[in-house]
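Undergrad: Sequence below, structure please.
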Amino acid sequence: MGSVESEVVRNQKTENYRKVYVQWWVPMKKGVKNDEQLYHNCWLSKWKCNHADLKQWVEISFVVFSFQL
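TA: Residues are numbered from 1 along each chain as shown. All right, here's what the predicted structure looks like:
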């Protein structure tokens, strides 16, 4: 899961035009040995900032279309 840490860049002259800065998060579970166990019922878990995956600029269209109601 990601948390957006900036507004959409609207300046067309920058390399990050139409992007947002995202910090990634991962669920916390004790005794988990693989990703399948880690993400099973993950919405019931506590989440922590994932320092292994650095923050990154992400195209806003990816963010919008990845979260459909």
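Undergrad: Which strand or helix spans the residue lying farthest from the centre of the chain?
TA: Ranked by distance from the centre of the chain (CA atoms, centre = their mean), the top residue is K13, with 25.4 Å. For K13, there is no enclosing helix or strand under DSSP states H and E.
Undergrad: how near is it to W47?
TA: Per CB to CB, to the nearest Å, K13 is found 36 Å from W47. For the C-beta atoms, the positions are set from N, CA and C on the backbone; glycine is no exception.
Undergrad: So what touches the longest helix along the chain?
TA: Ranked by residue count and defined by DSSP state H, the top helix of the chain is helix 60-66. Applying CB atoms under 8 Å, 6 or more residues apart in numbering, the external contacts of helix 60-66 come out as G2, V4, V8, R18, K19, V20, V22.
Undergrad: Can I get those in TSV including distance to K29, neighbour count and secondary structure?
TA: Formatted as TSV, the contacts of helix 60-66 follow (distance: CB to CB, whole Å; neighbours: other CB atoms under 10 Å; DSSP: H, G, I helix; E, B strand; the rest coil):
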residue	distance to K29	neighbour count	secondary structure
G2	19	19	strand
V4	25	13	strand
V8	33	14	coil
R18	35	14	coil
K19	31	19	strand
V20	28	20	strand
V22	23	19	strand
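Undergrad: For those, give me CSV that also has distance to M28.
TA: Formatted as CSV, the contacts of helix 60-66 follow (distance: CB to CB, whole Å):
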residue, distance to M28
G2, 16
V4, 21
V8, 30
R18, 33
K19, 28
V20, 25
V22, 19
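Undergrad: Strands along the protein, start to end?
TA: With DSSP state E as the criterion, the chain has strands at 2-4, 19-28, 46-49, 56-59.
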